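# generate a structure from the sequence data that follows.
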Amino acid sequence: MNKKHFTLATLTLLFATGCAVSPTPEISSHAWHQDQEYHLTILHTNDNHGHFWHNKYGELGMAARATLINEIRTEVENAGGSVLTLSGGDINTGVPESDLQDAEPDFIGMNMIGYDAMAVGNHEFDNPLDVLAKQADWANFPFLAANIYKDGKRMFAPYKIFTKNGIKVAVIGLTTEDTAKIGNPEFIQQVTFTDPKQEAKLVIAELKAKYQPDVIIAATHMGHYLDGNHGSNAPGDVQLARYLEEGDLDMIVGGHSQEPLCMEAPNQYADFKPGDDCKPDVQNGTDIVQAYEWGKYVGRADYTFKNGDFTLESYRLIPINLKKKVENADGEKVRVFVGDEIIQDANVKSTLQPYQEKGQEALNIVIGQTNGLLQGERDVVRNNQTNLGRLIATAHMQHAQADFGIMNSGGVRASIETGNISYKDVLTVQPFGNMLTYVEMNGADIIDYLNQVATKSKDSGAYAQFAGISLSVNNGQVSNVTIAGSPIDLAKTYRFTVPSFNAAGGDGYPDIRANPSYVNTGYVDANVLKAFIQKNSPINIADFAPNNEITYQ
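Residues are numbered from 1 along each chain as shown. Next up, the predicted model:
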């Protein structure tokens with residue numbers, strides 16, 4: 001482990017003095033030689049979300065990732081080149097074994113792999129700030145974020161400068177300003193997230209004046225949105241690249257939107273499959289990359305540097321033991337590796353094994369069954385009402401004896417497959433530990449509330465799942481509202497549930513905590529869902545299938 005000792009008190013002191021980690025000492029002279037060609041390989045991952053261990057099919061996992069990165073590092077360095085390994089952030093939240101241990105195994109794995117720097121993701125704020133401080137202490141690499149402030153001072157180093165074979169490479173960290181609304185309000189009340197585009201311009205000017213870097217890379221957690229069309233999300237990497245002067249930023253290593261970023265043509269995504277060729281997006285002279293999520297891939301960008309020119313020679317998304325289904329000689333569907341199997345690094349595996357085993361007995365207890373898929377896939381649940389979204393909202397509603405329930409789709413993190421349901425499955429679906437809350441309002445106030453909540457844009461975590469209510473949305477207004485099958489009575493008082501995250505204003509929902517009828521039940525959402533499944537097992541998915549209760553005109 002490193003020796004920074006970032007306790008919360010230390011971070012508080014650092015907030016007051018300007019930034020959490022001192023930037024690299026000033027360097028003003030170039031060390032590379034005219035007409036000599038240098039080779040630099042950038043490796044990257046993003047949105048790990050607790051996936052330090054391989055899944056049940058032998059896919060993913062930091063042990064296999066370590067083997068791949070070590071092999072690439074050896075190959076490149078033996079050929080006279082150098083390697084820089086970066087993360088686009090969101091190490092936290094998603095897998096119970098990791099969540100229960102504050103992502104310690106993930107940071108241990110990243111240390112063993114040899115990451116050089118990491119952008120701070122929005123999910124780094126899912127926990128109290130003292131947990132974030134502890135994680136910064138665990139890491140042997142800097143957390144970078146130029147646009148996160150506390151008490152008027154940067155919480156983290158805005159950049160880090162690396163010297164690779166005489167080439168000065170500046171890495172800037174930037175975090176989506178949406179963290180202010182999608183982060184846990186309980187933990188970020190004193191934290192400010194400024195416009196990363198403006199911060200990037202200021203930092204780049206500072207870098208050029210003080211250090212004259214040869215290459216400038218942004219490690220971001222902002223999201224990639226095709227042609228810059230970010231909808232209700234904050235502007236992402238495309239807008240960042242377009243905002244700056246051409247040539248100011250050589251590369252963006254991104255995260256947040258969780259996609260394999262491969263382009264078919266300008267402003268057109270490719271239909272990428274594991275093992276396919278991949279071309280990064282290029283905007284305003286900046287290469288933009290992202291490696292999907294969960295360590296499914298390691299992105300590899302091979303550059304040459306000569307006389308000040310930084311040129312991308314090749315780019316790949318390398319699958320980490322991903323498998324595809326094929327039909328064998330007996331006509332059965334079997335899973336086979338895409339490409340060659342990557343053997344797990346024995347040292348990394350043995351180091352992380354105790355963390356994986358810890359708590360397995362409790363997590364794997366079967367709590368119920370379902371007769372079909374409960375749909376929680378990110379791209380589906382953030383755009384449509386789903387049976388899992390409705391089941392969760394129903395569980396909350398019934399527990400609080402409410403008239404209807406609201407569940408933000410960003411709090412639904414996975415599907416539940418047909419068959420047995422374990423406690424681990426439930427914690428994977430709802431990993432944030434939000435509390436079940438409810439409030440009472442008259443019908444007129446509920447209409448006002450729904451006009452702010454039910455109208456949230458699709459393709460965002462704010463998109464709401466409902467139970468016990470039907471309504472239509474048209475031009476930013478709700479109509480045809482019925483509760484328990486009857487038209488809403490504007491004078492009648494109703495009770496509804498909403499996660500504590502949203503009750504506190506998360507996702508841009510109204511903050512309802514000051515309402516005299518507001519109640520935080522003290523029950524964790526995952527435990528409410530667990531109890532509902534146990535009581536109602538086997539779950540019949542037809543009972544929760546959407547039937548046009550929520551319509552958009």
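
# for the stretch 401-550 of the chain, just list every one of the helices.
423-429, 443-453, 500-503, 525-536 (DSSP state H, counting those that start in this stretch).

# contacting residues for Pro280?
Leu261, Cys262, Met263, Asp287, Ile288, Val289, Ala301, Leu312, Tyr315 (Cβ atoms under 8 Å, 6 or more residues apart in numbering). (C-beta placed from N, C-alpha, C; glycine too.)

# so where's the stretch 401-550 of the chain uncertain?
Along the stretch 401-550 of the chain, the model assigns pLDDT under 70 to no residue.

# tell me which of the helices of the stretch 401-550 of the chain lies nearest to Ile216.
helix 500-503 (35.6 Å; Cβ to Cβ).

# in the closest one, what's buried?
Ser500, Phe501, Asn502, Ala503 (16 or more other Cβ atoms under 10 Å).

# which among these gets closest to His54?
Phe501 (30.3 Å).

# next secondary structure after the helix or strand hosting Leu207?
Using DSSP states H and E, Leu207 sits in helix 196-210. For helix 196-210, the following helix or strand on the C-terminal side (DSSP H and E) is strand 215-221.

# show me what the helix or strand that comes right after that following strand is packed up against.
Counting by DSSP H and E, the element after strand 215-221 in chain order, helix or strand, is helix 237-243. Contact here means 3 or more Cβ pairs under 8 Å, 6 or more residues apart in numbering; DSSP states H and E; on that basis helix 237-243 packs against helix 196-210, strand 215-221, strand 251-253, strand 281-283, strand 286-289.

# present these as CSV; the columns should include mean neighbour count.
CSV is the format used below for the helices and strands packed on helix 237-243 (neighbours: other Cβ atoms under 10 Å):
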stretch, mean neighbour count
helix 196-210, 18
strand 215-221, 29
strand 251-253, 28
strand 281-283, 20
strand 286-289, 24
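
# can you add distance to Gln398 and mean pLDDT and give those back as CSV?
Below are the helices and strands packed on helix 237-243 laid out as CSV (distance: least, Cβ to Cβ, whole Å; pLDDT from 0 to 100):
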stretch, distance to Gln398, mean pLDDT
helix 196-210, 42, 98
strand 215-221, 37, 98
strand 251-253, 45, 98
strand 281-283, 46, 98
strand 286-289, 45, 98
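
# for His230, which of these is the nearest?
Across the helices and strands packed on helix 237-243, the minimum distance to His230, taken as Cβ to Cβ, is reached by helix 196-210, at 11.9 Å.

# tell me how far that closest one lies from the chain's centre.
25 Å (Cα atoms, centre = their mean, to the nearest Å).

# and that helix, what does it pack against?
Counting by 3+ Cβ pairs under 8 Å, 6+ apart, helix 196-210 packs on strand 159-164, strand 167-175, strand 215-221, helix 237-243.

# could you give the angle of that helix to strand 159-164?
50 degrees (axes from the mean of the first three to the mean of the last three Cα atoms, to 10 degrees).

# alpha carbons of helix 196-210, as CSV, please.
Only the C-alpha atoms of helix 196-210 are listed here, as CSV (Å, rounded to 0.1, in the frame of the first residue of the first chain):
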residue,chain,number,x,y,z
PRO,A,196,-15.5,20.6,-16.9
LYS,A,197,-15.2,22.2,-20.3
GLN,A,198,-14.3,25.6,-18.7
GLU,A,199,-12.0,24.0,-16.2
ALA,A,200,-10.2,22.0,-19.0
LYS,A,201,-9.5,25.3,-20.9
LEU,A,202,-8.1,26.9,-17.8
VAL,A,203,-6.0,23.9,-16.9
ILE,A,204,-4.6,23.5,-20.4
ALA,A,205,-3.5,27.1,-20.4
GLU,A,206,-1.8,26.6,-17.1
LEU,A,207,-0.1,23.4,-18.3
LYS,A,208,1.2,25.1,-21.4
ALA,A,209,2.5,28.1,-19.5
LYS,A,210,4.2,26.1,-16.7
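
# got the contact list for that helix?
Contacts to helix 196-210, defined as Cβ under 8 Å, 6+ apart, come from residues 26, 28, 146-147, 158-159, 161, 170, 172, 174-177, 213, 216, 218, 220, 222, 235, 239-240, 243-244, 248-249.

# buried ones among those residues?
Listed as buried from the contacts of helix 196-210 are 146-147, 158-159, 161, 170, 172, 174-177, 213, 216, 218, 220, 222, 235, 239-240, 243-244, 248-249; burial here means 16+ other Cβ under 10 Å.

# stretch 138-154 spans what distance, first to last residue?
20 Å (Cα to Cα, to the nearest Å).
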